[in-house]
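Colleague: sequence? don't have it. structure:
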């Protein structure tokens, strides 16, 4: 991965500010060249701060080269920026720098035999050992096949970062948390749901490829067909108005699950409004509280993950993620069991 | 970021849904830095005064004042609409204030010079600070 020195970062920031002096032009650049939403990756604020956040995001996500290549491609008439991009990229390629852009660069490799000295210190950076496990590829494919049924939920009248996740459990019904729509008890969910947008297929793509998502809105003036407040089961079932091209299949349900401690749990989620992520575990369940309809687990989640589907080892929906909590010796996540939700929504599902 | 310790949080993207505090976050919030700063300043002034003032009495007086101020300040800082009073946080912060004063000597050293040893204060401070971060308040 390309590592930028503080001088490089400063020069890159100044170059971006010079090429895109206002937010609108930068927004277009990020959208067209990086296929990202500026507000999501860098937020709002003063323009120079937004550029700073954009660079920080690219470093954190490993997109630094993509950002520089995109900048270089988009500023062909700016010799100073072309020169800067070429200089920075040369570090990555360990090249004999030539004049002009990266096109003029060639590799100068030492053809000596492979001989790599590994010291203990070199390996210390990999400690502690990461949690790993063997996954059955067939099961994994089965799970990833369900990814199309998971949607990112945003609202027309709220900032893009204020998002949640939902899952299609019937051809036109999305299940999410009550608090994704509103944190207030007694809120007018019907009105709130009408401003929601359900974006299916929001997954990362190869650099340069456009993303094909399907944005669906809620059906009519009373789209919320069932709900339970935050203090109870914290869910909302929303009817969508899909068009004829919407062919996403709903996920299978497991409404009788008795999850035992240390059993597998997998979550498909849009943490922080990002592209779809999967959190896998083969022993993630800590305990269930069947009388309260809750399950506790250790799979990592973030803001924006509320409403994410939790699947059992057979990739059947067993719970709806909604909360994160701290204990004295670590953090836990909490989901609402489908076995508790299903009796309240079964009549709606059977009509479907 | 509020002073009140967040021990659980809903995870929609709403800006109010800040992540729960981990050990380090709880530790920082429990230590009443304002009260400790107040005490260090006041005790320094009293200790540097001449022998014509009742140092011991003044140290005890301002220790009590510092404790009351810490109690009131932390209670105010942790107050949030619709949530119960953060008693666990308030009492642990007041406890931290007492431990800091004890570690610094203060009225304890002046009143009981034969019994008080700075080592006790240092050990108590290290132990209290290391352990207090493990406490997750029961008030949600």
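Modeller: Alright, I've got the coordinates. The model shown is predicted, which means the values in this text are computed figures rather than measured ones.
Colleague: When you work out contacts or count neighbours from here on, use the C-alpha atoms and nothing else.
Modeller: Will do.
Colleague: residues making contact with the lengthiest strand in chain A?
Modeller: With secondary structure taken from DSSP state E, chain A has its longest strand at strand A:317-327. Identification of contacts with strand A:317-327 by Cα atoms under 8 Å, 6 or more residues apart in numbering or on different chains yields A:176-177, A:234, A:251-255, A:257, A:295, A:301, A:305-312, A:331-339, B:7-12, B:19-22, B:136.
Colleague: Apply 7 Å and report the result again.
Modeller: Here strand A:317-327 makes contact (Cα atoms under 7 Å, 6 or more residues apart in numbering or on different chains) with A:177, A:251-255, A:257, A:306-312, A:331-338, B:7-11, B:20, B:22, B:136.
Colleague: Next SSE downstream of that strand?
Modeller: For strand A:317-327, the succeeding helix or strand toward the C-terminus, using DSSP states H and E, is strand A:330-337.
Colleague: Return the distance of that next one from the chain's centre.
Modeller: 19 Å (Cα atoms, centre = their mean, to the nearest Å).
Colleague: Run me through the strand neighbours of it, direction for each.
Modeller: strand A:294-297 (antiparallel), strand A:317-327 (antiparallel) (DSSP bridges).
Colleague: Which helix or strand lies directly C-terminal to the first one?
Modeller: Once the chain leaves strand A:294-297, the next helix or strand it forms, by DSSP H and E, is strand A:309-311.
Colleague: Show residues contacting stretch A:300-307.
Modeller: With Cα under 7 Å, 6+ apart, stretch A:300-307 has contacts from A:163-166, A:176-177, A:180, A:269-273, A:279, A:320-323, B:11-13.
Colleague: Select from those residues every entry located in helices.
Modeller: For those, the ones inside helices are residue A:180, with DSSP state H as the criterion.
Colleague: Run the chain-centre distance for stretch A:72-80.
Modeller: With Cα atoms, centre = their mean, you get 31 Å for stretch A:72-80.
Colleague: Report the mean per-residue pLDDT for that stretch.
Modeller: Averaged over stretch A:72-80, pLDDT sits at 84.
Colleague: The nearest residue to residue A:329 once chain neighbours are set aside: which element?
Modeller: In this structure, residue A:329 finds its nearest non-sequential neighbour in residue B:134, 7.0 Å apart by Cα to Cα, 6 or more residues apart in numbering or on different chains. Using DSSP H and E, residue B:134 maps to neither a helix nor a strand.
Colleague: Also residue B:4?
Modeller: Using DSSP H and E, no helix or strand contains residue B:4.
Colleague: repeat for residue B:73
Modeller: Short version, using DSSP H and E: residue B:73 is in helix B:55-77.
Colleague: which strands and helices sit next to that helix?
Modeller: Counting contacts by 3 or more Cα pairs under 7 Å, 6 or more residues apart in numbering or on different chains; DSSP states H and E, helix B:55-77 packs against helix B:33-48, helix B:87-104, helix B:106-111.
Colleague: now those as a markdown table including mean pLDDT?
Modeller: Converted to a markdown table, the helices and strands packed on helix B:55-77 look like this (pLDDT from 0 to 100):
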| stretch | mean pLDDT |
| --- | --- |
| helix B:33-48 | 94 |
| helix B:87-104 | 96 |
| helix B:106-111 | 91 |
